[in-house]
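Asks: I'll drop the sequence and a predicted model, then ask my questions.
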Amino acid sequence: MKNPFEKMPTVLTADELIDKAFRRAEKAASAFTPRGGRVSKARQREELRVRTVSNILRDSLKKILDRTPGVSTLPDFYKELVDTLVDRDQFHRALASVNWAVKTIRTLEQRYAEKIRYSKDPDEIARLRRQFYGRAASIIKDIADNLEYLNQARNVLKELPVIELELPTIVIAGHPNVGKSTLLRALTNAKPEVASYPFTTKGINVGQFEEHYLRYQVIDTPGLLDRPLSERNEVERQAILALKHLGKVIIYIFDPSEHCGYPIEEQMHLFEEIYAEFGEFPFIVVLNKVDIAEEEKIKQVEELVRSKGLEPFRISALNGYGLDRLKAKVIELVKPMVEEQAKRIMEKELRKYREELEF
Ligand SMILES: Nc1nc2c(ncn2[C@@H]2O[C@H](COP(=O)(O)OP(=O)(O)OP(=O)(O)O)[C@@H](O)[C@H]2O)c(=O)[nH]1
Ligand SMILES: [Mg+2]
């Protein structure tokens, strides 16, 4: 999956667009040598101007429409994120106004080209062309605010994270400094890519690993799942909850060494909140930094975790301790979901194949 807005072009302002169209029309007219008498020459030259202005305007506007996906057609993950970034109604209204402009300019072009063709008076022909210019420009000016909005939206939407939505995905949560990035690196051996994400300046890190020909994706979420959701505003919450559309398994990391700077009680509080929101997913709870944590603290956390009916995993993301067992657990939980998904895709393909055979 690419960023769905990757191909969205820069949107010119109304003035820039009008300027561009008029300039190109002048260029075309001056490169053109009309034939015939005075009237015929005037007709040809002015019709060329009208057609060129219309083409340039419509092509630029159509390019925006063709390369901008409608929000409602996007996968759920992107739909929710887009809603945190732009006003969906306004976005769609802006696109609709561009569509309106394309159609209206086309109609005007036809009408004026025809008038020009039937006119026998060079002065009138020039006047018709100027009239068309004025009306085309005023249509573009009518949608000036919408064009500006689309360009602003584009600049924001271009920064959406690029994540492979089809891959089974493991989302890592936990306080800052507990070792999320270290675990991501240890699990995925690939150098993780950083994908920008609304409301975290650090972006999110995306890595992958492969096991028995299946690829898995691991997402480390600095600045997202590292504070209680109750401390978030509505928009931030929505951006965070969009992760639900990706997450198949959540790995929650504790740092019982407390070197991260957060006491166990505070880590437990965050855990409770994330568990409440994401509890519908399989949760894997890991205790990281067991190489430097006190046994007593480790046991304290384990007890809390077990009281939730969960089995904690001791690991050291730094020296690799416990990672094989953790990975095996992740795969055990994710694999049935992947196989289920593979089955669905197969069945769909099969149905398509059968339908084709029937013709
Ligand atoms: N001793 C020890 N140190 C670790 C372990 N895992 C991570 N660290 C150290 O803990 C510090 C924080 O690790 P990060 O992986 O950057 O933590 P993080 O959760 O990604 O932090 P943010 O991105 O700021 O949220 C680093 O200095 C790591 O080297 C571990 O298993 N043992
Ligand atoms: Mg990190």
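Replies: Okay, I see it. Numbering: from 1, shown residues only. Ligands and ions are numbered 1, 2, ... in the order given.

Asks: In the stretch 1-150 of the chain, where is pLDDT below threshold?
Replies: 1 (pLDDT under 70).

Asks: so where do the helices sit in it?
Replies: Here the stretch 1-150 of the chain has its helices, by DSSP state H, counting those that start in this stretch, at 14-30, 38-67, 76-85, 88-118, 122-142, 144-157.

Asks: Which of the ones you listed sits closest to ligand 1?
Replies: Ligand 1 lies closest, by C-beta to the nearest ligand atom, to one member of these: helix 76-85, at 20.5 Å. Heads up, the C-betas are built off the backbone N, CA and C, glycines and all.

Asks: quick one: average pLDDT of stretch 173-191?
Replies: Mean pLDDT, computed over stretch 173-191, is 89.

Asks: leaving aside the residues next to it on the chain, what's closest to the residue in the stretch 51-200 of the chain that ligand 2 sits nearest to?
Replies: Across the stretch 51-200 of the chain, no residue is closer to ligand 2 than S181, which sits at 3.1 Å (C-beta to the ion). Spatial nearest neighbour of S181, chain neighbours left out: D220 (5.4 Å); criterion: C-beta to C-beta, 6 or more residues apart in numbering.

Asks: Now that the one you found has come up, it's in contact with L184, right?
Replies: Yes: counting by C-beta atoms under 8 Å, D220 does reach L184; the two are 4.2 Å apart.

Asks: buried residues in stretch 158-168?
Replies: Within stretch 158-168, the residues scored as buried using 16 or more other C-beta atoms under 10 Å are L160, P161, I163, L167, P168.

Asks: I meant to write stretch 270-281 there.
Replies: In stretch 270-281, counting by 16+ other C-beta under 10 Å, buried: L270, F271, E273, I274, Y275, E277, F278, F281.

Asks: D220 and L184: who's more crowded?
Replies: Comparing D220 with L184 by other C-beta atoms under 10 Å, the one with more neighbours is D220, at 30 against 23.

Asks: Bridging across strands, which residues link to the more buried one?
Replies: I172, N205 (DSSP bridges).

Asks: re the thing from before, tell me, what's the model's pLDDT at the residue nearest to S181?
Replies: pLDDT, read off for D220, is 92.

Asks: dump the residue contacts of it.
Replies: By C-beta atoms under 8 Å, 6 or more residues apart in numbering, the contact list for D220 reads I172, K180, S181, L183, L184, P192, I204, N205, V206, G207.

Asks: quick one: common contacting residues for D220 and L184?
Replies: Shared contacts of D220 and L184, defined by C-beta under 8 Å, 6+ apart, comprise I172, P192, N205, G207.

Asks: Any chance you could list what contacts stretch 254-274?
Replies: 173-179, 225-230, 250, 252, 285-290, 292-294, 297-298, 300-301, 304-305, 312.

Asks: nope, stretch 279-290 is what I meant
Replies: 178-179, 182-183, 244, 247-257, 259, 271, 275, 293, 298, 301-302, 305, 310-318, 321-322, 326, 329-330, 333.

Asks: Could I get the buried residue list for that stretch?
Replies: F281, P282, F283, I284, V285, V286, L287, N288, K289, V290.

Asks: backbone phi and psi for the fourth one, please?
Replies: Phi and psi for I284, reported as degrees, to the nearest 10, are phi -120, psi 120.

Asks: Same question for the third one.
Replies: Here is the backbone geometry of F283 (degrees, to the nearest 10): phi -110, psi 130.

Asks: now it: how far from V330?
Replies: 11 Å (C-beta to C-beta, to the nearest Å).

Asks: which residues are common contacts for the two?
Replies: V249.

Asks: for F209, helix, strand, or coil?
Replies: Assigned state for F209: strand (three-state reduction, DSSP: H, G, I helix; E, B strand; the rest coil).

Asks: give me every residue that touches the nearest residue to it once chain neighbours are set aside.
Replies: Leaving aside its sequence neighbours, F209 sits nearest to T188 (C-beta to C-beta, 6+ apart; 4.8 Å). Applying C-beta under 8 Å, 6+ apart to T188 gives the contacts G207, Q208, F209, V218.

Asks: give me the beta-bridge partners of the third one?
Replies: Which is F209. Y216.

Asks: what about it, neighbour count?
Replies: 17.

Asks: Please apply the same query to V86.
Replies: Applying other C-beta under 10 Å, we find 20 residues neighbouring V86.

Asks: again, but for N319
Replies: 12.

Asks: rewinding a little: ok, which of the buried residues of stretch 279-290 also contact ligand 1?
Replies: N288, K289 (C-beta under 6 Å from any ligand atom).

Asks: Give me the neighbour count for I170.
Replies: I170 has 29 neighbours, counted by other C-beta under 10 Å.

Asks: for the one 4 residues further on, same thing?
Replies: Other residues lying near G174 total 27 when counted by other C-beta under 10 Å.

Asks: show me what contacts the residue nearest to it when sequence neighbours are not counted?
Replies: Distances taken as C-beta to C-beta, 6+ apart place I253 nearest to G174, at 3.5 Å, with adjacent residues excluded. Contact analysis of I253 by C-beta under 8 Å, 6+ apart lists I172, A173, G174, V178, G179, K180, L183, V286, N288.

Asks: Serialize these to CSV and add fields for secondary structure and distance to I105.
Replies: Converted to CSV, the contacts of I253 look like this (DSSP: H, G, I helix; E, B strand; the rest coil; distance: C-beta to C-beta, whole Å):
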residue, secondary structure, distance to I105
I172, strand, 51
A173, strand, 51
G174, coil, 55
V178, coil, 58
G179, coil, 58
K180, helix, 52
L183, helix, 56
V286, strand, 60
N288, coil, 61
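
Asks: Including distance to R354, could those residues go into TSV?
Replies: Shown next, in TSV, are the contacts of I253 (distance: C-beta to C-beta, whole Å):
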residue	distance to R354
I172	42
A173	43
G174	48
V178	51
G179	50
K180	46
L183	45
V286	46
N288	50
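
Asks: Done for today, thanks.
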